[in-house]
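I need the structure of the sequence given here:
(2 chains)
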Protein chains: 2
Amino acid sequence: MDEFDLIKMYFAPLAGPEGLGLKDDAAHFSPPTGFDIILTKDTMVEGVHFPDGVYGADVAERLLRVNLSDLAAKAATPRGYLLSVAWPKHLDTKLLSGFAEGLKSCQEQFGLHLWGGDTVSTKGPAVFTATLIGVCPEGMSTRRMGASPGDDIWITGYLGKGFLGLAEIDGQIQNQQFIDGFYKPPPRIDLQKTLRTFASAAIDVSDGFVADLGHLAKASQVSATVEISNLSFPVSVKNFWQRGPEMVQKFLTHGDDYEIIFTAHPDYRENIISLAESLDFEVSHIGQCGQGGGVTILDGSLPLEFQSSGYTHF
Amino acid sequence: MDEFDLIKMYFAPLAGPEGLGLKDDAAHFSPPTGFDIILTKDTMVEGVHFPDGVYGADVAERLLRVNLSDLAAKAATPRGYLLSVAWPKHLDTKLLSGFAEGLKSCQEQFGLHLWGGDTVSTKGPAVFTATLIGVCPEGMSTRRMGASPGDDIWITGYLGKGFLGLAEIDGQIQNQQFIDGFYKPPPRIDLQKTLRTFASAAIDVSDGFVADLGHLAKASQVSATVEISNLSFPVSVKNFWQRGPEMVQKFLTHGDDYEIIFTAHPDYRENIISLAESLDFEVSHIGQCGQGGGVTILDGSLPLEFQSSGYTHF
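Take a look at the predicted model:
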């Protein structure tokens, strides 16, 4: 099967009208008037972002969901994506059917379509890149910059599941509770109304909670102080937690949690709590922005020390 | 140097306002009213699309230019791009400075800016992916479909340089005339006015002339007949040509020429020739569309046979 056949068989059924049936070299998108376009792009490499030899629905889901999380942090509505697949030459291209199933399932859940891309061979590990395109009413998207001293710091859901999912995949934990969440992190698209209406800044937790909060603080030129007891962890994580401070490090710096950190003026506190009631995830007020810079995580009144704030590639 | 440092050092200076200084996770683009957005994405793998061990300005130029060629075939004006770099872990990231130089030079020549992307490590060959974003007045972009029986077939520039460039790189030819053109194919952005005003369909020659003309014919549901003596080749290619029919195969099926094939109603013949006078490349009328399907290349009245119409990855 050459790339034309496999595009026709696996990818063309996923195409939206903007993708012209994947029979052209480019996508054509007529943007709605009065909307900004938000674009984000993430790459996943076999053996770096997911285990060697995993090429199926799980990887496809994860690829789209980590990108959807970036759109969620911008308060954007997902519309379409371009997909690049560098496929190991020695592997049967039929394995791509599982990958396409994952794309399909994710598309249906989040209302986006395939608009185009590229399928090539590689002599090395598989590399998948997705470029996601979303829209947001003009000027209403959220960015890392925009928080002011005095703003509340909020977060969705809970932390630690990225670290625990990978620990399960690596066999460090026998529990199989977090693997599914590792491949299918929940992009918080439903936070959109809250972000558009009340947030001053936002970022998703991909590099690590401390690192990402630091990115937001730096871009906004504020300091960020968070009380650790305000953060949520699932019960099994709390047990894990008792194993000592090095676990705290992991939960707060590993990343891959894909929750959204956002900031908002304290006047909006009640509105945010009220809107959160209709959501199927928690929204927690965890700290405050201040003058200056840097991130402080307090355990009671004691600041925690971190050896590393998040994952780096090099 | 971790990825944050290298983004700051090499890539942030290339960012346009839509890229928010590459300090955010997504690009924000406010599209002009009344324009369609054209998106295209191409991936290049070390050892597949360019020789092993080549990571510098040449590869960056080629990456952007092959994508610009797709935009050119759609009559779009390039605006920005997202870049994904999967960089071999054992290599010094300082080598990326050359790559960034190539991006810069190409940006300046074609008026586009970096809007975002992703930088990750890989244990395998380098993989570069660019997503280019262009704009075109609503409904005026060209596609593969749209040609009618009776339309003229046109092509820009000349063929064979993709094959010869690679043959020089591989050492099969000592002549160093086409290497530069291999890494810096000329995206025919200047054909924009011709395409928007007169063309019924268009495609760029990336897979191979016969294959790409076939894509256009298939999408448009027409046949395409081209007289080979109407095609242009540079003098040195003509000498090569005399080596026999297997060379004809190579020139017409190798691809990587990045010229534009387009079709237009015969009524526009004079207009197209007239507009071409201001261009710094040839625009040649090479054949006709007809009823039915398929591509026929005539040498006088004799149809040529092709073993393969173009490059495939698998």
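
Dump stretch A:45-58 to CSV, keeping only the CA atoms.
Output of stretch A:45-58 as CSV, limited to C-alpha atoms (Å, rounded to 0.1, in the frame of the first residue of the first chain):
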residue,chain,number,x,y,z
VAL,A,45,8.1,11.0,18.9
GLU,A,46,8.1,7.2,19.5
GLY,A,47,10.3,6.4,22.5
VAL,A,48,10.2,10.0,23.7
HIS,A,49,6.5,10.9,24.1
PHE,A,50,5.1,7.4,24.0
PRO,A,51,6.6,4.0,24.4
ASP,A,52,8.4,2.3,21.5
GLY,A,53,6.2,0.1,19.4
VAL,A,54,2.9,1.8,20.3
TYR,A,55,1.2,3.0,17.1
GLY,A,56,-2.5,2.6,17.7
ALA,A,57,-5.6,4.4,18.7
ASP,A,58,-4.0,5.4,22.1
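
can you give me the mean pLDDT across that stretch?
Across stretch A:45-58, pLDDT averages out at 91.

now that stretch: how far from the chain's centre is it?
17 Å (C-alpha atoms, centre = their mean, to the nearest Å).

near chain B, anything from it?
Yes: against chain B, stretch A:45-58 shows contacts by C-beta under 8 Å from any C-beta of the partner chain at A:45, A:47-49. Every residue, glycine included, has its C-beta placed from N, CA and C.

Would you mind listing the buried residues in that stretch?
A:45-50, A:54-58 (16 or more other C-beta atoms under 10 Å in any protein chain shown).

Check the secondary structure at A:A147 for me.
Here A:A147 is recorded as coil under DSSP: H, G, I helix; E, B strand; the rest coil.

quick one: it and A:S200 touch, right?
Yes: counting by C-beta atoms under 8 Å, A:A147 does reach A:S200; the two are 5.0 Å apart.

and the two? which has more neighbours close in?
For A:A147 versus A:S200, the count of surrounding residues by other C-beta atoms under 10 Å in any protein chain shown is larger for A:A147: 29 against 22.

pLDDT score assigned to that one?
On the pLDDT scale, A:A147 gets 98.

quick one on the thing from earlier: how about the residues of stretch A:45-58 next to chain B in JSON lines, adding secondary structure?
Formatted as JSON lines, these follow (three-state DSSP):
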{"residue": "A:V45", "secondary structure": "strand"}
{"residue": "A:G47", "secondary structure": "coil"}
{"residue": "A:V48", "secondary structure": "coil"}
{"residue": "A:H49", "secondary structure": "coil"}
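
In TSV, list these along with distance to A:V135.
As requested, those are arranged in TSV below (distance: C-beta to C-beta, whole Å):
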residue	distance to A:V135
A:V45	29
A:G47	35
A:V48	31
A:H49	27
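
what's the most distant pair in these?
Spatial extent of the residues of stretch A:45-58 next to chain B (C-beta to C-beta) is set by the pair A:G47 and A:H49 at 8.3 Å.

So what are the structural domains in chain A, by residue number?
Per the record, chain A has its domains at A:3-137, A:152-303, by automatic domain parsing.

Tell me which of the ones you listed sits most buried.
domain A:3-137 (a mean of 22; mean count of other C-beta atoms under 10 Å in any protein chain shown).

Can you give me the end-to-end span of that one?
One end of domain A:3-137 to the other measures 38 Å (C-alpha to C-alpha, to the nearest Å).

OK, now which residue of chain A is nearest to chain B?
Closest residue of chain A to chain B, C-beta to the nearest C-beta: A:G124 (2.2 Å).

so which helix or strand takes in that residue?
A:G124 is part of no helix or strand, with elements assigned from DSSP states H and E.

Please state the offset of stretch A:292-311 from the chain centre?
Distance, centroid of stretch A:292-311 to centroid of chain: 22 Å (C-alpha atoms, centre = their mean).

Find the nearest non-adjacent residue to the residue of chain A closest to chain B, please.
Leaving aside its chain neighbours, A:G124 sits nearest to B:G124 (2.2 Å; criterion: C-beta to C-beta, 6 or more residues apart in numbering or on different chains).

doesn't A:A86 make contact with the one you found?
No: counting by C-beta under 8 Å, B:G124 sits too far from A:A86 to count as a contact (9.0 Å).

what do the two both touch?
A:122, A:124, A:127 (C-beta atoms under 8 Å, 6 or more residues apart in numbering or on different chains).

Using a markdown table, lay out those together with pLDDT.
Shown next, in a markdown table, are those (pLDDT from 0 to 100):
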| residue | pLDDT |
| --- | --- |
| A:T122 | 95 |
| A:G124 | 95 |
| A:V127 | 97 |
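
tally of neighbours for A:F314?
16.

what about the helices in chain A?
Here chain A has its helices, by DSSP state H, at A:3-6, A:57-73, A:96-110, A:161-169, A:179-183, A:192-198, A:209-220, A:235-241, A:245-253, A:269-276.

Could you identify which of those helices has the lowest mean pLDDT?
Comparing mean pLDDT across the helices of chain A, the weakest is helix A:235-241, with a mean of 57.

Just the pLDDT for A:L91.
87.

Could you find the closest non-adjacent residue to it?
A:Y55 is the one closest to A:L91 (C-beta to C-beta, 6+ apart), at 7.2 Å.

Need phi/psi at that neighbour.
phi -130, psi 10 (degrees, to the nearest 10).

from memory it sits against A:G98, does it?
Yes: contact criterion C-beta under 8 Å: A:Y55 and A:G98 qualify, at 7.0 Å.
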